[in-house]
Structure formats: structure tokens, C-alpha cells
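[1] I would like to see how this sequence folds:
(one chain, ligands or ions: 1)
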Amino acid sequence: MDFVRLDGERLTLVFALEAGGTADCVYLGARLPEGEDLAMIAAAAARGRHENQPDVPPVPGLLPEGKAGWSGTPAVRLRQYGDHTCKECATDFRLAAWEEYPSEVILHFRDTQLDLDIEQAWRIERAEIVTTQASIWNPGNRKLALDRLSALVLPIPRRFTHFTSFAGRWAGEMREASCSIAPEGFARTSTGGKPGFGGGNWLILEDPTSGEVLGAHLSWSGDHDTRIDVDLVGSADGRAVFQMGAGWDSGAIDLAHDGSHHTPVAMIGLASDRSALAQRFHAHARTTVLPARKDWGPRKVHLNSWEALGFNLSEAGLIALAEDAAALGIERFVLDDGWFGGRRNDQTSLGDWFVSPDVFPKGLAPLIARVHDLGMDFGLWVEPEMVSPDSDLYRAHPDWCLHTQGRDRPTMRGQLALDLGRAEVRDYLFECLDALLREHAIAYFKWDHNRDLFPSAPRQTEGFYALLDHLRATHPHIEIESCSSGGGRIDYGVLQRVHRVWPSDNNDAIERLRIIPAWSQFLPLEVLGSHVGPSPNPITGRRLAMDFRAKVAVFGHMGVEADPARMTDKERKCLAAHIALYKAWRGVLHEGALHRLTHPDANITGMMVTHADKALALVAQTAFSPVFDAAPVRLAGLEPEARYRVTLPEPWPPRAKHYLANPDVWREGLVLSGTALMTQGLALPLTHPETAWLVALERLPQ
Ligand code: GLA
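    Modelled structure (predicted):
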């Protein structure tokens, strides 16, 4: 047995490697001292045999297979084609060799009988995120079909006894559920051709005794398969194995002679608590995932036409909206759905990406020119991967959509999905989008995707990536948002190619107080579109004060998705003041470290970002407080010894300000140590439901 360690600054993995046998991960945790005896680590974790096991108890290790009695899901599943058959193969991959580099270990497995090679690469990235990826090759002559290959296989360290998964639906993304790792394990797969609202491509393992967490993600914009298996039969020792990989709904992959397949990248991050985990993932996103983030300017405040005008578009109406937007301090005007072909409702014209002469008799140029005059840049909604049966594109190419020959073509939102595996489809879409960008000064695409993919399509995600990559290579300055009826396609795979995501169609600030903290567990605030919606909210029907809606929207990439003409003067003034606050604080919010604030009242949500000598917190109360004075809000992430000036940036929530004991003191600022702020906290007036406060901190020179 050999032992290999893979070290980050604060983390170590130890692999136990048996040439001709198995590979296992016997340690994953805080960085081990130099010179630690790795054989002793393995010995301390080893267990003897117990009754009623196979004579050689199965070790699922890093490539679990059914051989030897392991009862969980195998990491690899293959079928072999015979003359008239296609039968599942029994696999027996053994560790053949390994390579060690300073921040990478590559394991080579071989099944000599099937003449197949699997490679598994483990790598520590700059932000201490560990990535894993598997590849399979068929150098031999067997005709094989690959049914499954996991990107991540992790024997779960036994201290992680619980986990949090995320489920959701349209307008209700990322609903957290926590439970213990039970004998029946856990499985979540998506089949809609994208990760979906349920976010099964994210998971957090938890050690409830210490608060330590291990976050995991599959960086892939197609289907996924996430599972935890507890072996109840083979070893029956309570060991659990966690696996993540692409979903296989779109069918097996052909592995003919010299065929190969590479899984998407999966990743894990280890941290002392949920805030530290968020910071680790944010650092990884900022340094490794987001396209050339260092060149990004400040995230501009958007106004999106959808909730303001819907399909009721006209040049004059849009210009009026743009003028109202500019008066609020908006920096980017985004024209949403309805500008192209015959698209006067959602049942028509997807695929006809030509400016509608009915809506814009003089084309888009006058609108864009006015938007520019007003000092804003211009963004446009597109949904390139879709086609309406009622469209010129469909009439010309009825075979370009995903379909089964001779069967019905069921629609969703009146639309079908194009087959992006076909080069001619990608070429057509590239030409349309390229022409729009060449002919108009468009700074931003809101790239939507509103239909699940059925029948499933094997190369759809690769085709989507290829189209985006081609477009970005040709137009390197275009900013793109990934929207999929809200947060239906959010993952690091798409984020390698876009600049922000649309977390939810639900702009209701109370819902956003759940949705944004959930997404921000993995995604930094600068990529999370955060809009002030109308009141009443069109999805929930809730009426919320502008002050509350605007404060909540500051924590993200702020925008407005409502018609300023339908707001009162007071509301417009309040909104403009919050837009100004966002502009003043976005440098902190979009560069800093996010901390989740905890409070004894579950109806109080708090988030805080610290950056250099500044920090901003959002504290929001959703329900009526059971006591008149809510417990003080304890801040986080401050230097204990440093002294901070604390103010409550105005405007203040209208009703709550009457309960502020010393308004003048709050205006001038209280000076308190980091220790006092993190231990005792601040008594904020949080009595009424739907009250939010922003808290600004500035570290004073020593
Ligand atoms: C989807 C998006 C919305 C909006 C509409 C337009 O539902 O999620 O934000 O763009 O499409 O049709």
C-alpha cells in the first residue's frame, strides 16, 4: 500500500493506493503537519471484519463497483454490444498507476479483461476548492456503451452525518432541506436537460457537532445525478459514498474503438461554517470561473422592461420608460421579450431573431440612440435555443427541433427546443446573434431558456457551450445573463461563459430573502440579478413597501423590473436613493467576503459583506416580532480589536424609524470594537413585519 497526500494551504487529502487493487481517500480535513505518518492515518481509520460480511469486505473506495458485494451505485456502468444483444458488463477496474504533482493527483485504473482505462484527476485550485474529473478510454476492439461515469466519488468522512440539499420549482428556487444521512441514502437527478430549479447539482455535507461543512457542486449545465449510498449489504459498516455526475437521461455514450468520454468537473470545498464555505466558493468563482472578471467594470444598475411593459411594446412607450429609468439613476436599459418577429405573445416567433417592423417601424436604432443619450447602455432579451411552431424558422426547418420521428411534438410555453447538437442549427443561431451585435450597439444579452428538453438530446449542452463560446470569441465585450424561467440553469459551467444569472422570476422581496441567501451559498453577489419588482407582486400578489423592496435588492447585482411611471413620487425618490446607495457600496458588495448573520428569530435574515476597511449589512424582518424589541443583531467577519464607526444609511424604513432610540447617534455613528459588534451586536428596531435596515461600517485608523 502506498500513501499520497494532496495539500492545500489549509487542507489535506490522503489517498491510500494499492497497485493492482483499490484507491481510497482515507483522510479529508484540516491540513496535516509535515511528516505525518500517512500509513498511521490509514491504520487509525481501518476496521476489522465483522460477522456476515463477504470474506473480503468490499472497499468502495474512489471507484465503487458491484464486484465483491458493494451494494451502492457503481461509479461506472457499461454495456457490451453482441451480434443481437447489448448486455451489462461486469467491471473490475484496478489501480494501475498514479501521477503526483504539487496540486494534483491523477489515478489510472484499468480493467484488463475489458481492455478499458479510467483516469480520475484530483486537483486543488487556488481558492482551496478541490476539483475532480473522470475520463474513460477504450483502446480495445469491444463495442461498448457507457451508461454512467461519476465525476466525483467521495467516501464520506464519518464525521459528516448530515447534509443539506436544495429543491425547488419555478419562482421558488433553492429551498433548503437538512437531514441526517439515513440508511436509504439520497438520490436526486434532473431530466429536463438542465440543472433545474431544484439545484440537485449543489449539496452540503455537515458535521453538526462542530459546524464544519463540505460543499459540493457539479459544473455542468445539463442534467445531473447526485447520490449518497450507504452500503447496507456488502460491508454493512455504515460507510457512505457520495457521487456526482452528469445525468444519463440522454442515453448511453458509444465507446467504440479509441472512443473516449470526459465527465464534467465536480468540486468540493471544506470550511469551518457556512459563511466560510460561501467565501471559498466565491473566491473560486471569482478567480477561476467567471470570464475575465478582472476586466469587469462596476455592475451597472439595470432596468428591465418585462414587469413594466410585458409584450405591450412600442418605440414611444419604451423611450418613455427609458427616460423614467435614467431619472432614477439606471445605467443599463434591457429590452425583454417581444421585440422580434411576430412576437406579440409567448406562443409565437421564437427563432425569428429579426427586429419586428410592427413594433419598431424605424428599427431599434432610435430607441438605442435615446438610451445612449440618456447615459445608459442597451441590453436585449434572446432565447436562441428555442423555436415556436408558429415561426418562419420552423416552417423552413421543421426537422431542426428535438423530436422523435413520427411522434407528437409536445410544446411547453408553446415552444419546442432546437437541436444544438447539429452544426447547421448552431450556425444559424450564431449568424442571427452576430448580426444583431454587428448592427446594433448591444452591451448585454439576457439569454433565456424556457422549455425543458424533451425528447432528451445527447449533445445539447456541448452545443450550447460551443455557441456561447463562438459568440464570446467574436464579441468579447458582450455581457450575458443566464436565465431559464428564472434560476433553471445556474451552475459553474454556464458561469464560465456568462456574467450573471437570473436567480428567480420571483422578485417578491420576502421570497428573495430566502432565494438570495441560498444561491449566495455558492455564488458571489455580483452575479445574482436582484431587481426591485412591482407591488403588488405579479407572482405572489404581496404588497411590499418600496423601502423594503429596494433595501433587499441592494444585496446582489441591482436592477429594477417595474414601471417607474406607476410609482408615487415618494416611491421613486426612495428607489433613487437606494440606487445611489448601491452605487456607493457595490465595490464592497462585489469584492468582499459574505457572512451569513444568525439571529434567534427565524424571521430575521441577515447578510453582511466585509471588504478592506468597510462593511455593509442587510438585516430584514419578515414576520411580526413575537417580542417588542427583537434581540440585537450580532455582526460577523470583523477584526475583534479594531474600532468601527457604525451608521444606518438613510433612507430609513418609515415606520421603524420612530423606534430608533437615538437617531442622531445613528446618523453620526456609534464607535464600537469588532468584539462588541460581534458579541453583543446592535439593537435595531425590528418590530414590524417587512422592515429592513442597512448597516454601514467603517474601520477607524488604529
Ligand atoms: C422568462 C424569464 C422572464 C422573462 C420572460 C419573457 O419567463 O424568466 O424574466 O424574460 O421569460 O418571456
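[2] okay, now the domains of the protein?
    Listed domain ranges for the chain are 63-289, 295-591, 595-699 (source: automatic domain parsing).
[3] show me what contacts the residue nearest to Ala443 when sequence neighbours are not counted?
    Among residues not flanking Ala443 along the chain, Asp377 sits closest, at 4.0 Å (Cβ to Cβ, 6 or more residues apart in numbering). Using the backbone N, CA and C atoms, a C-beta is placed for each residue, glycine as well. Taking Cβ atoms under 8 Å, 6 or more residues apart in numbering, we find Asp377 in contact with 300, 331-333, 371, 441, 443-444.
[4] let's have these in a markdown table, adding distance to the ligand, secondary structure and pLDDT.
    Below are these laid out as a markdown table (distance: Cβ to the nearest ligand atom, whole Å; DSSP: H, G, I helix; E, B strand; the rest coil; pLDDT from 0 to 100):
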| residue | distance to the ligand | secondary structure | pLDDT |
| --- | --- | --- | --- |
| Lys300 | 18 | coil | 98 |
| Glu331 | 19 | coil | 99 |
| Arg332 | 15 | strand | 99 |
| Phe333 | 15 | strand | 99 |
| Val371 | 18 | helix | 98 |
| Ala441 | 21 | coil | 98 |
| Ala443 | 17 | coil | 98 |
| Tyr444 | 13 | strand | 98 |
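[5] which residues outside the helix or strand where Ala167 lies are in contact with it?
    Here Ala167, judged by DSSP states H and E, is contained in strand 162-169. If you take Cβ under 8 Å, 6+ apart as the criterion, strand 162-169 is touched by 174-181, 186, 188, 196-200, 202-208, 226, 228, 487, 518.
[6] how far away is the residue nearest to Ala443 from Ile330?
    Per Cβ to Cβ, to the nearest Å, Asp377 is found 10 Å from Ile330.
[7] can you map out the helices along the stretch 601-702 of the chain?
    663-668, 674-679 (DSSP state H, counting those that start in this stretch).
[8] Throw those helices into CSV and include mean pLDDT, thanks.
    CSV is the format used below for the helices of the stretch 601-702 of the chain (pLDDT from 0 to 100):
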stretch, mean pLDDT
helix 663-668, 92
helix 674-679, 98
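[9] just checking, next helix/strand downstream of the longest helix along the chain?
    Identified as the longest helix of the chain according to DSSP state H is helix 569-589. As assigned by DSSP H and E, the chain's next helix or strand after helix 569-589 is strand 593-597.
[10] shaky segments in the stretch 101-250 of the chain?
    Residue ranges of the stretch 101-250 of the chain with pLDDT under 70: 234-235.
[11] tell me where it has strands.
    Per DSSP state E, counting those that start in this stretch, the stretch 101-250 of the chain carries strands over the ranges 104-111, 116-124, 130-138, 144-149, 152-155, 162-169, 172-180, 186-189, 202-206, 213-219, 224-230, 240-246.
[12] dump those to a markdown table, plus mean neighbour count.
    As requested, those are arranged in a markdown table below (neighbours: other Cβ atoms under 10 Å):
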| stretch | mean neighbour count |
| --- | --- |
| strand 104-111 | 19 |
| strand 116-124 | 20 |
| strand 130-138 | 21 |
| strand 144-149 | 20 |
| strand 152-155 | 24 |
| strand 162-169 | 18 |
| strand 172-180 | 16 |
| strand 186-189 | 16 |
| strand 202-206 | 24 |
| strand 213-219 | 25 |
| strand 224-230 | 23 |
| strand 240-246 | 25 |
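[13] closest to the ligand out of those strands?
    Closest approach to the ligand among the strands of the stretch 101-250 of the chain (Cβ to the nearest ligand atom): strand 172-180, 11.3 Å.
[14] anything in that closest one near the ligand?
    No - counting by Cβ under 6 Å from any ligand atom, the ligand is not contacted by strand 172-180; separation bottoms out at 11.3 Å.
[15] name the strands paired with that strand and say parallel or antiparallel.
    If you go by DSSP bridges, strand 172-180 pairs up with strand 162-169 (antiparallel).
[16] what angle sits between the strand it pairs with and strand 240-246?
    Per axes from the mean of the first three to the mean of the last three Cα atoms, to 10 degrees, the angle that strand 162-169 makes with strand 240-246 is 30 degrees.
[17] hmm, strand 162-169 touching the ligand?
    No - Strand 162-169 is not in contact with the ligand by Cβ under 6 Å from any ligand atom; minimum separation 13.5 Å.
[18] format the helices of the stretch 601-702 of the chain as a markdown table; extra columns: distance to Asn304.
    Output for those, formatted as a markdown table (distance: least, Cβ to Cβ, whole Å):
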| stretch | distance to Asn304 |
| --- | --- |
| helix 663-668 | 34 |
| helix 674-679 | 37 |
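[19] please identify the most buried of these.
    Comparing the helices of the stretch 601-702 of the chain on average neighbours per residue, with mean count of other Cβ atoms under 10 Å, the densest one is helix 674-679 at a mean of 18.
[20] show me what the host helix or strand of Ala550 is packed against.
    According to DSSP H and E, Ala550 maps onto helix 546-554. Contacts defined by 3 or more Cβ pairs under 8 Å, 6 or more residues apart in numbering; DSSP states H and E place helix 546-554 against helix 509-519, strand 529-532, helix 569-589, strand 614-621, strand 691-699.
[21] out of those, nearest to Leu114?
    When those are compared by Cβ to Cβ, helix 509-519 sits nearest Leu114, at 41.9 Å.
[22] any idea of the angle the closest one forms with strand 162-169?
    Here the directions of helix 509-519 and strand 162-169 differ by 130 degrees (the same axes, to 10 degrees).
[23] and the angle for helix 509-519 with strand 691-699?
    If you take the same axes, to 10 degrees, helix 509-519 sits at 50 degrees to strand 691-699.
[24] helix 509-519 near the ligand anywhere?
    No - judged by Cβ under 6 Å from any ligand atom, helix 509-519 makes no contact with the ligand; its nearest approach is 13.5 Å.
[25] and Gly669, what does it touch?
    Here Gly669 is in contact with 645-647, 698 (Cβ under 8 Å, 6+ apart).
[26] tell me the most buried of the helices and strands packed on helix 546-554?
    When the helices and strands packed on helix 546-554 are compared using mean count of other Cβ under 10 Å, strand 529-532 is most buried, at a mean of 27.
[27] let me see the mean pLDDT of that strand.
    Mean per-residue pLDDT for strand 529-532: 98.
[28] so what touches that strand?
    The contact list for strand 529-532 (Cβ under 8 Å, 6+ apart) reads 302, 304, 307, 481, 500-503, 507, 512, 516, 546, 549-550, 552-562, 575, 578.
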